[in-house]
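Peer 1: Sequence plus predicted model, see below.
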Amino acid sequence: MPKQAEVQEPDYPVLDSAAVLSWFDQHGRHDLPWQQDITPYRVWISEIMLQQTQVSTVIPYFERFIGRFPDVHSLAKADINEVLHLWTGLGYYARARNLHKTAQIVVNKYNGDFPADLDELCSLAGIGRSTAGAIQALSMGKRGVILDGNVKRVLCRFFAIREWSGESTTQKQLWALAEQATPHTRVDAYTQAMMDLGATVCTRSKPLCQTCPLVENCQAFVQGLTTTLPAPKPRKTMPVRQTFMLILALPDGQVLLQQRPPNGLWGGLWSLPEYEHMDSLETRLSQFGSKVKRIWPVMRHTFSHFHLDITPVVAQLESPAVAENSPDQCWYSLATADKKGQNLGLSAPVKKLLQQLAALEEHHNEPYRLL
């Protein structure tokens with residue numbers, strides 16, 4: 001039988017970690033809040049917040065969060081509503097629920113110390129391989145390997161990876177390259193350097209190639225592919241769903257909220273009552289002895305995999321007594337929430353609608369009478 005031809009591995013260039021470190025020493029970011037008083041806890045909080053979120057957005061959230069929960073013990077003891085309240089506006093709320101859950105595990109199972117083992121870190125809720133590697137490298141002095149969005153972009157361009165990075169085979173390829181490129185010394189600085197390089201130089205659009213320490217061997221630059229790599233995710237038509245949100249207000253400005261189930265969309269957050277159809281909303285209002293006063297324009301909220309068209313429907317009750325009392329319902333006023341200690345986690349569109357309602361109240365100087 002003829003001998004089977006061997007499959008040859010691509011001849012990749014060598015990523016010069018020393019050049020990356022030299023660039024970082026001169027141009028990297030050294031004054032971010034989570035780079036001060038470094039602990040596994042602070043690194044963990046920052047890494048979770050930075051998922052799908054820019055540094056400039058994260059900084060004030062991180063500072064507020066650490067100010068309220070300075071260590072894993074205080075977070076573990078916290079009420080989940082307060083955790084979600086401090087997370088309001090950051091999106092991807094499963095991250096906040098997982099933070100709370102993992103804090104309790106770290107306290108109860110590990111006596112408040114994060115495990116140093118990669119597999120044990122990855123077993124904690126919300127911590128994947130890259131986040132675990134960042135915790136190891138940045139706060140434990142271990143050789144952790146990361147592959148966050150910024151690093152993926154650097155590697156895809158440097159090695160001219162033409163396939164979408166979300167494909168499983170491409171993921172494996174990138175992990176192997178990240179492992180190969182990560183040095184055995186100054187791993188903390190290298191890890192931060194690669195994140196900084198992707199965030200400030202090898203940006204999504206208009207990368208600053210002439211200031212990049214890797215430009216000489218960057219295959220995307222050499223081949224003129226910097227504007228086309230990384231390969232974008234294959235586009236799919238986003239489905240559109242619709243919901244009707246009931247803004248049921250009392251004369252004093254309080255609005256009825258319901259807590260959503262712990263899992264699923266906006267899990268654990270407080271939201272306006274939702275109805276799939278206008279008929280069912282009107283039927284519910286008739287049970288309260290109320291009618292629709294105003295229908296606001298449709299608000300579109302986009303998730304990662306679908307659009308949600310929200311139709312806000314305003315109605316009014318003279319007394320809260322007609323609405324049943326239950327643990328997953330409350331009467332809430334955005335204007336007095338902090339004074340009453342009603343620090344509830346609200347989804348971004350619900351918070352926006354409540355702010356619009358509060359603005360109308362202030363404008364008319366009488367709660368909701370002129371809606």
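Peer 2: Yep, it's here. Numbers count the residues shown, from 1 in each chain.
Peer 1: contacts and neighbour counts: CA atoms only from here.
Peer 2: Fine.
Peer 1: Contacts only, for residue 220.
Peer 2: Residues near residue 220 by C-alpha atoms under 8 Å, 6 or more residues apart in numbering: 157, 158, 159, 160, 226, 229.
Peer 1: which residue sits closest to the third one, ignoring its sequence neighbours?
Peer 2: The one in question is residue 159. Residue nearest to residue 159 in three dimensions, not counting chain neighbours: residue 219, with 5.6 Å by C-alpha to C-alpha, 6 or more residues apart in numbering.
Peer 1: what's around residue 43, how many residues?
Peer 2: Look at residue 43: counted by other C-alpha atoms under 10 Å, it has 23 neighbours.
Peer 1: Please tell me I have it right and it contacts residue 135.
Peer 2: Yes. Using C-alpha atoms under 8 Å, residue 43 makes contact with residue 135 at a distance of 6.0 Å.
Peer 1: before we move on, the earlier item: tell me the spacing between the residue nearest to residue 159 and residue 233.
Peer 2: Look at residue 219 and residue 233: by C-alpha to C-alpha, to the nearest Å, they are 21 Å apart.
Peer 1: So between these two, which is more surrounded?
Peer 2: Higher neighbour count among residue 219 and residue 233: residue 219, with 21 against 11, using other C-alpha under 10 Å.
Peer 1: quick one, what contacts the more buried one?
Peer 2: 157, 158, 159, 160, 225.
Peer 1: Tell me which helix or strand the closest residue to residue 44 other than its chain neighbours sits in.
Peer 2: Spatial nearest neighbour of residue 44, excluding adjacent residues (C-alpha to C-alpha, 6+ apart): residue 135 at 6.2 Å. The secondary structure element spanning residue 135 is helix 129-139 (assigned by DSSP states H and E).
Peer 1: Direction-wise, compare the next helix or strand after that helix with helix 129-139 and give the angle.
Peer 2: Next in sequence after helix 129-139, counting helices and strands by DSSP H and E, comes helix 149-158. Calculated by axes from the mean of the first three to the mean of the last three C-alpha atoms, to 10 degrees, helix 149-158 forms an angle of 100 degrees with helix 129-139.
Peer 1: Does anything pack onto whichever helix or strand comes after helix 149-158? Which helices or strands?
Peer 2: As assigned by DSSP H and E, the chain's next helix or strand after helix 149-158 is helix 168-181. Judged by 3 or more C-alpha pairs under 8 Å, 6 or more residues apart in numbering; DSSP states H and E, helix 168-181 is in contact with helix 149-158.
Peer 1: tell me the contacts of residue 310?
Peer 2: With contact taken as C-alpha under 8 Å, 6+ apart, residue 310 is in contact with 242, 243, 244, 245, 298, 299, 300, 301.
Peer 1: Give me the buried subset of those.
Peer 2: 242, 243, 244, 245 (16 or more other C-alpha atoms under 10 Å).
Peer 1: quick one: which of those residues sit in helices?
Peer 2: Taking DSSP state H, every one of the buried ones among the contacts of residue 310 sits outside helices.
Peer 1: Using a markdown table, lay out these together with distance to residue 130 and pLDDT.
Peer 2: Below are the buried ones among the contacts of residue 310 laid out as a markdown table (distance: C-alpha to C-alpha, whole Å; pLDDT from 0 to 100):
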| residue | distance to residue 130 | pLDDT |
| --- | --- | --- |
| 242 | 35 | 96 |
| 243 | 36 | 96 |
| 244 | 39 | 96 |
| 245 | 38 | 96 |
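Peer 1: Looking at the contacts of residue 219, state which has the most neighbours.
Peer 2: Neighbour counts for these, by other C-alpha under 10 Å, peak at residue 158, which reaches 26 neighbours.
Peer 1: In space, what's closest to it - neighbours in sequence excluded?
Peer 2: With C-alpha to C-alpha, 6+ apart, the residue lying closest to residue 158 is residue 218, at 4.2 Å.
Peer 1: And residue 129, by the same measure?
Peer 2: Closest to residue 129 by C-alpha to C-alpha, 6+ apart is residue 122, at 6.0 Å.
Peer 1: Was I right to think that neighbour contacts residue 134?
Peer 2: No. With contact defined as C-alpha under 8 Å, residue 122 does not count as touching residue 134 (11.6 Å).
Peer 1: Compare those two and say which is more crowded by neighbours.
Peer 2: Neighbour totals were compared for residue 122 and residue 134, and residue 134 leads with 26 against 17 (other C-alpha under 10 Å).
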